[in-house]
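Enquirer: here is a sequence together with a model predicted from it:
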There are 2 protein chains.
Amino acid sequence: MQPIRLGLVGYGKIAQDQHVPAINANPAFTLVSVATQGKPCPGVENFQSLGELLENGPPVDAIAFCTPPQGRFALVQQALAAGKHVLVEKPPCATLGKAALWIKREQASAPCSPCIAYAPAIAAARDWLATRTLQSVQIDWKEDVRKWHPGQAWIWQPGLGVFDPGINALSIVTHLLPLPLFVESAELRVPSNCQSPIAASIKMSDPRLLDVRAEFDFDHGHDELWSIQIRCAEGTLRLDNGGALLSIDGVRQTVAEEGEYAAVYRHFQQLIGDKTSDVDVQPLRLVADSFFVGSRVSVEAFYD
Amino acid sequence: MQPIRLGLVGYGKIAQDQHVPAINANPAFTLVSVATQGKPCPGVENFQSLGELLENGPPVDAIAFCTPPQGRFALVQQALAAGKHVLVEKPPCATLGKAALWIKREQASAPCSPCIAYAPAIAAARDWLATRTLQSVQIDWKEDVRKWHPGQAWIWQPGLGVFDPGINALSIVTHLLPLPLFVESAELRVPSNCQSPIAASIKMSDPRLLDVRAEFDFDHGHDELWSIQIRCAEGTLRLDNGGALLSIDGVRQTVAEEGEYAAVYRHFQQLIGDKTSDVDVQPLRLVADSFFVGSRVSVEAFYD
């Protein structure tokens, strides 16, 4: 079988750190072109825009979008209109209204996949939880924005801030839990010189009144903490390192090693093969609802 | 046919001004009980809570909810669990996540209807627009909050403000337009002593790039302005007085006279008869997305 010919749009930090290594490590894909306005990607044809890539570049079957979410919708629409399969970094786009349009598309034509974590530890966690009685969920997603998003002004535009990493945690949790979550209340702590929160506390629940709490912090000085702890009547499950490590009652479980983005591209390959689509709006809906009902507290100004 | 026996929860301003007169004017309904913590409703049995109304009151077939949206979800769930038909004031509840749960319910069991305007002028406007080429939409929804929401502290809690009346306009516009809208950008003007906007400007669009703009103002000193103007290649349609009056190219059109809430209860009656449900989340999604992507500007403190 011929590999899937892939074009990539937006050759920034996440593309360089995660997407290109994951693509190069997966023989099902071959990266043939990149559209970027920054430094070019070595070893492939580079273009200034998606339009040029589609018009003048070598043929592609699929496009991976690694640009910031705010301007992504029109680009994705352009790729879908050109009949390309589409992989979209999370959050899939800037608003729920736009994401809703993608859900209603004919599914066979163009799979869109947000980057939900399909890593082996997540799958093992889901299996373990399936037969347990859930009691509570605690998410702690804390990192230093200066380290992980150095100089990325777009993250401080309205609508993201600490929810940019936080949506990863929400994607994992909504994937693990059997019932949909909704926001009960939220507190957003917004630097006095920014539009977006640098930290947030969110209280969520589900139709069975499960207690789900999240603490997001973008100004976490020491080591990153990306953990999800799920208490059940039968024991406590814990994911660490952003979902890479799984423990049950403090005992580390052995799971196959596969990076998050390796899992994402494996999932994308499967969606293309199955001619299906996977647009999960639930994490984005939780983010939008947090902004909608959240109270805002002004905190110290932030300087990168 | 026996009239539909109705209980009403929350006997505040909107219930007194609109719901009870509309119910009393419609022979398909009979108001038998009210749950309220304020002054009792004359002529019916009054209770302190929905639970008491359901447990100790005369039998009811349906419940109309006129309480503020923030605490409404659990009450509506309680009524649905008791097998009652449910009519919910807009917005249907405080978050999209909660509203999404209602959409997924078995439809036959309990219709939920938000208060979208089904008034004759709206229906006539929709008919006229169906064969026209849309060019742009301008919404102006401006009123004095001190006149229309005197002393209503809940409206200044996170998540509402000027969007409480504004969602009426969004309900009408999404009902009139053929394609779903999404938010492009928003500016929320928030009094320095409040959490919610007193005014907002929203730029929306649809998959055909229709230009839709809304101006919401809650501090509009003189006469209310509740108008929607839709420019088409073939002429301009205008709704005034919140959708009660219809003009085409400046010429007032004759439409049957029916109040907004008379139309709402007529619609509710039909949903019950058809054993169907109508939960339109699009207006609430536009509001949530406006909060999500909107930039905030701090304005002068507000005192009631």
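Expert: Yep, it's here. Residues are numbered from 1 along each chain as shown, chains lettered A, B, ... in the order given.
Enquirer: mind listing what A:Arg208 touches?
Expert: Neighbour list for A:Arg208: A:Leu134, A:Leu179 [criterion: C-beta atoms under 8 Å, 6 or more residues apart in numbering or on different chains]. In short, each C-beta sits where N, CA and C put it, glycine included.
Enquirer: residue in the stretch 1-150 of chain A nearest to chain B?
Expert: Taking C-beta to the nearest C-beta, chain B has its nearest neighbour within the stretch 1-150 of chain A at A:Gly97, 3.0 Å off.
Enquirer: now that residue. Nearest residue, chain neighbours left out?
Expert: B:Phe182 (3.0 Å; C-beta to C-beta, 6 or more residues apart in numbering or on different chains).
Enquirer: okay but that neighbour is in contact with B:Met204, surely?
Expert: Yes - counting by C-beta atoms under 8 Å, B:Phe182 does reach B:Met204; the two are 6.5 Å apart.
Enquirer: shared neighbours, these two?
Expert: B:Leu286.
Enquirer: wait, isn't the residue of the stretch 1-150 of chain A closest to chain B in contact with B:Ser290?
Expert: No - using C-beta under 8 Å, A:Gly97 is not in contact with B:Ser290; the gap is 9.9 Å.
Enquirer: which residues are in contact with each of these two?
Expert: B:Val183.
Enquirer: okay, those two: which has more neighbours?
Expert: Counted by other C-beta atoms under 10 Å in any protein chain shown, A:Gly97 and B:Ser290 do not tie: B:Ser290 has more neighbours, with 30 against 26.
Enquirer: the helix or strand hosting that one - what's its average pLDDT?
Expert: If you go by DSSP states H and E, B:Ser290 is part of helix B:282-293. Helix B:282-293 comes out with an average pLDDT of 93.
Enquirer: with stretch A:236-243 instead?
Expert: 93.
Enquirer: in it, what counts as buried?
Expert: Residues A:Leu237, A:Arg238, A:Leu239, A:Asp240, A:Gly242, A:Gly243 are the ones in stretch A:236-243 that count as buried (16 or more other C-beta atoms under 10 Å in any protein chain shown).
Enquirer: repeat that for stretch A:12-32.
Expert: Using 16+ other C-beta under 10 Å as the test for burial, stretch A:12-32 gives A:12, A:14-15, A:18-20, A:22-23, A:26, A:28-32.
Enquirer: same check, this time on stretch A:50-67
Expert: By neighbour count with 16+ other C-beta under 10 Å, stretch A:50-67 contains the buried residues A:Leu50, A:Leu53, A:Leu54, A:Gly57, A:Val60, A:Asp61, A:Ala62, A:Ile63, A:Ala64, A:Phe65, A:Cys66, A:Thr67.
Enquirer: residues in contact with that stretch?
Expert: By C-beta under 8 Å, 6+ apart, stretch A:50-67 touches A:4-12, A:14-15, A:19, A:23, A:29, A:32-35, A:45, A:47, A:72, A:75-76, A:78-79, A:82, A:84-89, A:268, A:272.
Enquirer: so where's the stretch 1-150 of chain A uncertain?
Expert: Along the stretch 1-150 of chain A, segments meeting pLDDT under 70 span A:104-118.
Enquirer: which residues of it lie near chain B?
Expert: Residues of the stretch 1-150 of chain A lying close to chain B (C-beta under 8 Å from any C-beta of the partner chain) are A:Gln77, A:Ala94, A:Thr95, A:Leu96, A:Gly97, A:Lys98, A:Ala100, A:Leu101.
Enquirer: need phi/psi at the most centrally placed residue in chain A.
Expert: By C-alpha atoms, centre = their mean, the mean C-alpha position of chain A lies nearest to A:Lys90, the distance being 3.6 Å. Dihedral pair for A:Lys90: phi -90, psi 150, per degrees, to the nearest 10.
Enquirer: kind regards, and thank you for your time.
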